[in-house]
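# sequence unknown, structure follows:
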């Protein structure tokens, strides 16, 4: 299916392309700063819907917008502003469980659907040295929570979708596509 992706995330685009979709990425014009934080599912759904609704002209393509946050004890861990903040985030996640929420907004032929996927990520204890080595790679600086599950070995295990932690819940999205196809057959 042809997808118009309202996101600049290279990881979201990669997931969708690996699923076999043709993807055109566009930059949403939604100001995320205007959305006050509330419960994580409602928050990411509001962000995703705002991004998606800021895009017009998808025609016969499926419009996809998403937003992912990392929460520890009810606090959002965004992208770190510097190496010191990245270190503090990773240290706070060490040996603990946090949750990754992704809100997804979909629009196809004028019909909207919004959902949230949540994955619990259990980190093993991390040494200060391995946190410093990881930060030295530069990888944490563009990722919520200062880590990429795909390029670190910090997670002891997860409960839920791996791709959700990367930034897009592929399994839930695939279920939505099957639903669209079933409706098209009727």
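Received, thanks. Small disclaimer: the values here were computed from a predicted structure and weren't measured. Residues are numbered from 1 along each chain as shown.

# only C-alpha atoms for contact and neighbour calcs from this point on.
Noted.

# element containing residue 91?
For residue 91, the enclosing helix or strand under DSSP states H and E is helix 83-93.

# and that helix, what's its mean pLDDT?
Averaging pLDDT along helix 83-93 yields 97.

# please point out which parts of it sit buried.
For helix 83-93, a neighbour-count test (16 or more other Cα atoms under 10 Å) marks 83, 85-87, 89-91, 93 as buried.

# and what of stretch 162-181?
Across stretch 162-181, burial judged by 16+ other Cα under 10 Å covers 162-170, 173.

# so which residues of this structure form helices?
With DSSP state H as the criterion, the chain has helices at 10-18, 40-53, 83-93, 128-136, 162-166, 170-185.

# now distance to residue 102 too, for those, in TSV please.
TSV is the format used below for those (distance: least, Cα to Cα, whole Å):
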stretch	distance to residue 102
helix 10-18	11
helix 40-53	6
helix 83-93	19
helix 128-136	24
helix 162-166	7
helix 170-185	11
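
# quick one: closest of those helices to residue 153.
helix 128-136 (10.0 Å; Cα to Cα).

# got the angle between the closest one and helix 83-93?
Here the directions of helix 128-136 and helix 83-93 differ by 130 degrees (axes from the mean of the first three to the mean of the last three Cα atoms, to 10 degrees).

# helices or strands next to helix 128-136 in the packing?
Other helices and strands packing on helix 128-136, by 3 or more Cα pairs under 8 Å, 6 or more residues apart in numbering; DSSP states H and E, are helix 83-93.

# what about this protein, any weak spots by pLDDT?
Residues of the chain that meet the criterion pLDDT under 70 lie in 184-186.

# among the helices of the chain, which is nearest residue 1?
Per Cα to Cα, nearest to residue 1 of the helices of the chain: helix 170-185, 8.9 Å.

# so how far is the closest one from its chain's centroid?
Offset of helix 170-185 from its chain centre (Cα atoms, centre = their mean, to the nearest Å): 20 Å.

# quick revisit: give me the contacts around the helix holding residue 91.
Identification of contacts with helix 83-93 by Cα atoms under 8 Å, 6 or more residues apart in numbering yields 72, 77, 80, 123, 126, 128, 131-132, 135, 140-141, 145-147.
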